[in-house]
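> sequence plus predicted model, see below.
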Amino acid sequence: MPLVNVIRGDRIEGAPINVRTPFVRIPMWLALSWWTAKALGRLVLVLVRFWYLTAPAVFFGWLYLRFGWLGPTAVVAAVVLVSTVWAFAHRASWLRFGWWPVLSRYRRMVYRRNWHAAMVTAKLAVSFDSHTVLPVLRRVRCSAGVDVVTVRMVTGQIPDDFAKVAERLAHTFGVRQVKAAPGSRPDVVLLHLFRGDPLAKLVRPVPVPAVPEFTALPVGRQEDGDGYELRLFGTQVLVVGATGAGKGSVIWSVVRSLANGVTSGLVQIWGLDPKGGMELGMGAPMFSRFACKDYAAMCELIEEAATEAKRRAAKLYGRTRQHTPTPDEPLIVLVIDELANLTAYLTDRQLKDRIKAALSILLSQGRAVGVHVLAAIQDPRKEVLPFRDLFPTRIGLRLAEAAQVDLVLGEGMRDRGALCDRIPQSLPGVGFVVIDGDPTPMRVRFSYLTDDEIRDMAHTYGRLRVIDGEILEGAA
Ligand SMILES: Nc1ncnc2c1ncn2[C@@H]1O[C@H](COP(=O)(O)OP(=O)(O)OP(=O)(O)O)[C@@H](O)[C@H]1O
């Protein structure tokens with residue numbers, strides 16, 4: 001048996017009612033003095049502990065006694081006036097140093113009140129040495145729409161324990177979603193409690209960047225309010241979503257972010273729309289090459305891209321590990337809407353095998369040599385898309401089943417908060433992505449371009465194009 005038991009966390013003592021006190025006869029005056037001293041001691045403790053309430057109360061009490069109602073009223077009016085002027089004069093510093101700290105302290109009290117019950121019902125309270133030990137609520141930091149709660153875990157707990165019960169915690173604390181992320185120290189977990197939803201409103205497209213930044217294409221908004229930037233360099237991108245989930249908005253947001261590159265010749269976008277041009281046809285001039293009716297033409301496009309990837313790889317062999325796009329050797333992006341039509345539903349077996357062979361070469365060799373694929377698909381199963389794992393970047397929009405989430409985003413991502421199957425139909429364009437260096441998935445919404453905006457973009461930035469083998473020029 002160990003000499004001393006050591007465990008982190010708040011120990012919950014047994015209820016005092018269970019303690020059998022010895023029966024001692026004492027005089028009444030002694031008992032009364034003891035109770036009075038104890039009550040006074042407790043009062044002082046409470047006054048000191050809740051100084052942020054008691055200090056203003058004492059101050060206002062003194063003002064009232066000294067000046068009557070005028071005293072407290074004048075101070076409150078002065079505080080409100082200074083605060084309002086500050087808020088209007090410099091909102092950022094008012095929020096940072098005034099509003100958020102006050103709100104954080106208030107919310108900490110609210111969370112503390114429910115903490116014990118929340119930890120026990122979420123099974124995060126640990127029973128140790130016949131005592132209950134709770135994770136310690138350390139700090140609360142509020143910002144627009146999200147409260148970050150710093151929690152010191154009980155010995156033996158890991159952030160995933162909190163991630164697994166995130167939904168339960170969200171309901172307990174009455175917030176929209178809870179995400180658990182590792183903190184700055186191994187014994188700390190950060191709980192992000194999301195209140196409002198910055199993604200509830202439609203996201204307008206940002207202005208077209210003058211020169212596309214291939215490592216950070218602005219394509220939407222993150223749920224923490226920041227812009228979401230997609231990395232294209234060195235990767236291949238797969239977008240998975242049920243019908244009507246907004247796969248089109250991902251495609252058009254990416255195309256828009258590359259538009260100036262199309263005009264300058266630094267980027268070539270090749271469009272493949274096996275659904276007969278319904279989705280991509282509107283912006284056809286954005287595509288240097290475009291195929292929408294003839295499957296053989298689509299196959300040839302993919303084979304041509306694969307050949308180009310192999311040629312560039314051979315040329316760059318031993319010289320560099322990442323190709324730099326130039327107008328002579330531009331970045332090629334193959335945009336494929338509904339990839340399953342080419343890899344699973346195509347009846348011509350020979351053509352299907354040729355497409356699969358070219359695609360697997362393209363996906364494995366293209367990303368380092370500036371030949372990229374942005375493909376959309378509804379069904380992420382291996383039978384439909386055998387080379388799903390060759391797409392390092394995967395975006396999960398609304399999905400039909402919970403089981404599909406981990407197929408798309410990776411093992412354990414649904415437990416960590418990627419609830420793609422719970423995205424309502426009323427929020428098309430919303431999805432989850434895994435951002436470099438962050439083990440928890442990020443909820444994002446892609447910007448939405450109307451049909452007219454797509455046509456305008458094509459008119460402004462589009463160039464010479466080859467459509468199903470025919471060479472055409474001009475606007476859509
Ligand atoms: N980012 C977005 N913001 C707001 N509304 C959107 C967004 N994306 C799509 N929508 C709306 O949802 C509808 C369906 O979108 P979209 O056609 O892109 O879905 P999809 O996933 O491509 O569906 P399908 O597979 O059936 O083609 C659009 O007509 C549009 O009204």
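Looks like it arrived, so ask away.
> now the protein against the ligand: closest residue?
residue 429 (2.0 Å; CB to the nearest ligand atom). To be clear about C-beta, it is placed using only N, CA and C from the backbone, and glycine gets the same treatment.
> so which bits of the chain are right by the ligand?
Contacts of the chain with the ligand, taken as CB under 6 Å from any ligand atom, map to 202, 241, 243-249, 378, 428-429, 446, 448.
> could you redo the last one with a cut-off of 8 Å?
Residues of the chain lying close to the ligand by CB under 8 Å from any ligand atom are 202-203, 220, 241-251, 253, 275, 278-279, 337-338, 376, 378, 397, 427-430, 445-448.
> among these, which ones are in helices?
Among the residues of the chain next to the ligand, the members found in helices (DSSP state H) are 247, 248, 249, 250, 251, 253.
> need the contact list for the closest residue to the second one other than its chain neighbours.
Here the nearest residue to residue 248 in space, its sequence neighbours aside, is residue 279; by CB to CB, 6 or more residues apart in numbering that works out to 5.3 Å. When contacts are counted by CB atoms under 8 Å, 6 or more residues apart in numbering, residue 279 touches 248, 251, 273, 337.
> who wins for most neighbours among those?
Per-residue neighbour counts (other CB atoms under 10 Å) across these peak at residue 251, which has 27 neighbours.
> I'd say that one and residue 237 touch.
No. Using CB atoms under 8 Å, residue 251 makes no contact with residue 237, being 9.9 Å away.
> out of the residues of the chain next to the ligand, which are buried?
203, 220, 241-242, 245-251, 253, 279, 337-338, 376, 378, 397, 427-430, 445-448 (16 or more other CB atoms under 10 Å).
> so what's residue 53 scoring on pLDDT?
If you check residue 53, the pLDDT there is 86.
> again, but for residue 453
Listed pLDDT for residue 453 reads 93.
> ok, back up a step: tabulate the contacts of residue 279 (TSV), appending distance to residue 152.
As requested, these are arranged in TSV below (distance: CB to CB, whole Å):
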residue	distance to residue 152
248	45
251	45
273	53
337	48
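> got the contact list for residue 127?
Residue 127 sits next to residue 133 when contact means CB under 8 Å, 6+ apart.
> let me redo that: residue 167
So residue 167 contacts 178, 419 (CB under 8 Å, 6+ apart).
> please apply the same query to residue 241.
247, 376, 378, 396, 397, 398, 399, 431.
> excluding covalently adjacent residues, which one is nearest to it?
residue 397 (3.0 Å).
> just the helices in the stretch 151-300 of the chain please.
159-164, 166-173, 247-257, 259-264, 295-316 (DSSP state H, counting those that start in this stretch).
> which helices and strands does the first one pack with?
What it means is helix 159-164. Here helix 159-164 touches strand 177-182, strand 188-194, going by 3 or more CB pairs under 8 Å, 6 or more residues apart in numbering; DSSP states H and E.
> again with the third one
For helix 247-257, the packing partners by 3+ CB pairs under 8 Å, 6+ apart come out as strand 217-222, strand 237-240, strand 331-336, strand 371-377, strand 442-446, helix 451-461.
> who are the packing partners of the second one?
To tie it back to what came earlier, the one meant is strand 237-240. Using 3+ CB pairs under 8 Å, 6+ apart, strand 237-240 is in contact with helix 247-257, strand 371-377, strand 393-396, helix 403-409.
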